[in-house]
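In: Sequence plus the predicted model coming up.
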Amino acid sequence: MYIINPWIFYLISLADSFKWASGIVAIITLIISILAYEDNVRLAKILFAIACISCVICLLIPSKDVCYKMLIASQVTTENINNAKETIKDVVDYIIEASKNIGG
């Protein structure tokens, strides 16, 4: 059983790609809406709305680094730290016992 599901790493990279794509869509539609404003005001307004929505999406999706930090923060719990302490203590005790048996 995985501690962290490998699909989470895929989804993080997918979210990062979606963030970049929405940013590019925002820039392109904003430029086109500015250029189209004199010829077709209705189209320019629609494109501007799409640019605004894409910009908001780009701002709300966390970056890959933030996603990894959130993932780590969700895994570091008091219970996990206590379990790690117990495991380390057991390993140290085992090594000490094994060294006593080897020594004699």
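Out: Perfect, thanks for sending it.
In: Name the nearest residue to the residue nearest the centre of the chain, sequence neighbours excluded.
Out: With distances taken as Cα atoms, centre = their mean, Cys67 lies nearest the centre of the chain, 2.0 Å away. If you skip the residues right next to it in sequence, Cys67 has Ile12 as its closest partner in space, 4.3 Å away by Cβ to Cβ, 6 or more residues apart in numbering. (C-beta placed from N, C-alpha, C; glycine too.)
In: ok, the residue nearest to the centre of the chain - contacts?
Out: 12, 15-16 (Cβ atoms under 8 Å, 6 or more residues apart in numbering).
In: From Ile8, how far off is it?
Out: 9 Å (Cβ to Cβ, to the nearest Å).
In: Please apply the same query to Lys69.
Out: Using Cβ to Cβ, one obtains 13 Å as the distance from Lys69 to Ile8.
In: okay, now the domains of this structure?
Out: When the chain is parsed with automatic domain parsing, its domains come out as 7-61, 63-104.
In: Please identify the most buried of those.
Out: domain 7-61 (a mean of 15; mean count of other Cβ atoms under 10 Å).
In: could you pull out the helices for the protein?
Out: Secondary structure of the chain, counting by DSSP state H: helices at 6-36, 41-60, 64-75, 78-103.
In: what angle sits between the longest one and helix 41-60?
Out: Read it as helix 6-36. Here helix 6-36 points in a direction 150 degrees away from that of helix 41-60 (axes from the mean of the first three to the mean of the last three Cα atoms, to 10 degrees).
In: so what does helix 6-36 touch, helix or strand wise?
Out: Other elements packing on helix 6-36 under the criterion 3 or more Cβ pairs under 8 Å, 6 or more residues apart in numbering; DSSP states H and E are helix 41-60, helix 64-75.
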